[in-house]
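Visitor: Quick one: sequence and predicted model below, then my questions.
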Amino acid sequence: MRKPCCEDEHINKGAWSKQEDEKLINYIRTHGECCWSSIPKAAGLPRCGKSCRLRWINHLRPDLKRGKFAEDEEDLLMKLYALLGNRWSLIAARLPGRTDNEVKNYWNSHLRRKLINMGVDLNKHRRLGNRFLGNMNLGWSPSSWATQVPAGSPGVQRCSSCAPTSYSHVDDDRVSDEASSLKDGTRLLPDLNLDLNIRSPSFLHSPGGQGQQHHDTVEDMKEDMGESSPTLMLFR
DNA sequence: AAGACGCGCAACCGCTCTAGA
DNA sequence: TTCTAGAGCGGTTGCGCGTCT
């Protein structure tokens, strides 16, 4: 029987109060993000470390972008879901200012329904294999990502003894189980490019190259396939 | 006006993974 | 090598709010 992480009866649960938020923000501004399990005691918060971490990551970080998803974010989210599946933290890492929880909620409440309404069977949908990925320009590199996402939140120092937390880097290893097996054991995701320039899948071409059409852009594909939404094609 | 219903979001739960002893 | 604690993740739940009847 697993012991609950917050079994202390003095631990608060439920919505955070303004005072609690302020305590946590002040503590992290002073000491950095470090050792979540000790933060509640050190900051004088009647919360468990897990709860503090979640509150900070999902609501208090200064670099968060709130509000409705823009159309391009929505489009990128669909592409990333097609590529990564329900790895929300990885998807969120590629949507600057968005959290995994936010991405997950948005997917479940908006996009899933949208796709279902469009007749996309998400149960049938499986993550794309190397057929498709091999034709996508996934030129992402950890260094390029590092230039897009700061190593820490603006104005927030990091404890020198601690590794960065998840949103400040992309956890390549955790992607590896499926993605790494896609292409001769070569890890693909470290090369993921946020541009996600999609080239038409080779399986759409005639195999011999005779009469083979080369689609350099999504627009080309749309023209050829008469598709209104290139992203939707990922789910078909 | 009020009760029912649905939706969106915040937070919790329980699991896996990893690092250190 | 094994054990343990902490961190992180995805799934699920519960609450508040808006809309509908």
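Guide: Cool, the structure landed.
Visitor: Can you list the low-confidence ranges for chain A?
Guide: A:1-9, A:120-230, A:233-236 (pLDDT under 70).
Visitor: can you tell me which residues contact residue A:60?
Guide: Taking C-beta atoms under 8 Å, 6 or more residues apart in numbering, we find residue A:60 in contact with A:21, A:24, A:25, A:28. Bear in mind the C-beta positions are built from the backbone N, C-alpha and C, glycine included.
Visitor: Now the buried members of these.
Guide: A:24, A:25, A:28 (16 or more other C-beta atoms under 10 Å).
Visitor: out of these, who's nearest DNA strand B?
Guide: residue A:24 (10.9 Å; C-beta to the nearest atom of the strand).
Visitor: The closest one: which element?
Guide: Secondary structure assignment for residue A:24, by DSSP states H and E: helix A:18-31.
Visitor: May I see the buried ones among the contacts of residue A:60 arranged in JSON lines, with distance to residue A:117 as well?
Guide: Putting the buried ones among the contacts of residue A:60 into JSON lines (distance: C-beta to C-beta, whole Å) gives the following:
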{"residue": "A:24", "distance to residue A:117": "40"}
{"residue": "A:25", "distance to residue A:117": "40"}
{"residue": "A:28", "distance to residue A:117": "41"}
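Visitor: and those as a markdown table, adding distance to DNA strand C?
Guide: Listed next are the buried ones among the contacts of residue A:60 as a markdown table, based on distance: C-beta to the nearest atom of the strand, whole Å:
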| residue | distance to DNA strand C |
| --- | --- |
| A:24 | 14 |
| A:25 | 17 |
| A:28 | 12 |
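Visitor: quick check, the helix or strand that comes right after the helix holding residue A:24 touching DNA strand B?
Guide: Scanning forward in sequence from helix A:18-31 by DSSP H and E, the next helix or strand is helix A:39-43. No - for helix A:39-43, no contact with DNA strand B is found by C-beta under 7 Å from any atom of the strand; the gap never falls below 11.4 Å.
Visitor: All set, thanks.
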